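> Sequence and predicted structure, then a few things I'm wondering about:
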Amino acid sequence: LATICLGILASIIASLIFSVFSLYVLNDPDHEEEMGAINELNNGVNKIASSAVIADGVKCDIIHQQVNANAKKIEEVNSFKKIKDRGLRTIRSKEDLDHKQEFWLNLVQNYDAPLDIASRTLSPWLKAAYREKFLLSIEQRLKNGHDVHLLIQKPNSVDIKKLEVKLGKNISKSAGDTLSVLKSNIWGNLTDDQKKLFIVKVCESVIPYIYIDNGQSVTISPYMASSKAQGRSFLVVFDHTSQYIEGFDDDFSELLNEADDVDWGTVK
């Protein structure tokens, strides 16, 4: 009787675990890895339930080990689900996304909403693979009457010169090149009304993270302070209505208000 009960218990637990994770995870592509791990653990419990070994008296702690392993996964995904319910779309390695053209271009393709970006420079957007569509996204927004706010580093500021030494990068040149491209491709072609919507500012202090608000989602990716850690950052995408972005929105507004207006007459 004890052996039969153990088999039934293991089978019920396995079915319950699979049901719970099918509900939370199965249809979510962001959790493919977790789902694979859950299936593996679930199969392990099923094997215990159906194996002839159980007839010889399998120890309860073996079942407990499987159940505990599954319970930890349940806790992990439930915790993630609570955050996701509050507007978290995805967390991914920035390094994995560096060459995902579709991902980055999708962030700026909705022309029917304002666009706010804070970044040390916009040079990645101005590479051949992105440049045409990125500039077009700015032009179309302005033509549709939407604000575009861009915040980048001020070339040759004291803080930036210190950071350049630390990272071994010429951030000032990249920022200067960004302004040149924006002047020749955007600013020079705008009407007076459109120029009022196109706000480009330069920040004296070091911008701590990438911020992209496209009207539908907000993307955040912190910069690393160490040259050795560059490329090992992460990227988070939130729904535009998420409570988690309120602080970032306020921070962006403050950084933008305190930054200097670009003097287009001095931009080469």
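Here it is on my side, so go on.
> tell me the contacts of the closest residue to E204 other than its chain neighbours?
Excluding the flanking residues, the one nearest E204 by Cβ to Cβ, 6 or more residues apart in numbering is S157, at 4.7 Å. No exception for glycine: its C-beta is placed from N, CA and C like everyone else's. Going by Cβ atoms under 8 Å, 6 or more residues apart in numbering, S157 touches 203-205.
> okay, and for the stretch 1-150 of the chain, where does confidence drop off?
Per-residue confidence of the stretch 1-150 of the chain (counting by pLDDT under 70) places the weak regions at 1-68, 70-71, 74, 77-81, 84-85.
> What residues does I199 make contact with?
By Cβ under 8 Å, 6+ apart, the neighbours of I199 are 147-150, 256, 261.
> What separation do you get for it and N214?
I199 sits 16 Å away from N214, going by Cβ to Cβ, to the nearest Å.
> Likewise for D260?
Look at D260 and N214: by Cβ to Cβ, they are 25 Å apart.
> Tell me which other helices or strands the particular helix or strand that has V218 in it touches.
For V218, the host element (DSSP states H and E) is strand 217-222. Under the contact criterion of 3 or more Cβ pairs under 8 Å, 6 or more residues apart in numbering; DSSP states H and E, strand 217-222 touches strand 209-213, strand 234-239, helix 246-258.
> burial count for the closest residue to K154 other than its chain neighbours?
Distances taken as Cβ to Cβ, 6+ apart place V202 nearest to K154, at 3.7 Å, with adjacent residues excluded. For V202, the neighbour count with other Cβ atoms under 10 Å is 21.
> Next, V202: secondary structure please.
Secondary structure, DSSP: H, G, I helix; E, B strand; the rest coil: V202 is strand.
> Quickly list what it is bridged to.
Note on V202: beta-bridge partners I152, D260, judged by DSSP bridges.
> so it touches A259, yeah?
Yes: contact criterion Cβ atoms under 8 Å: V202 and A259 qualify, at 6.0 Å.
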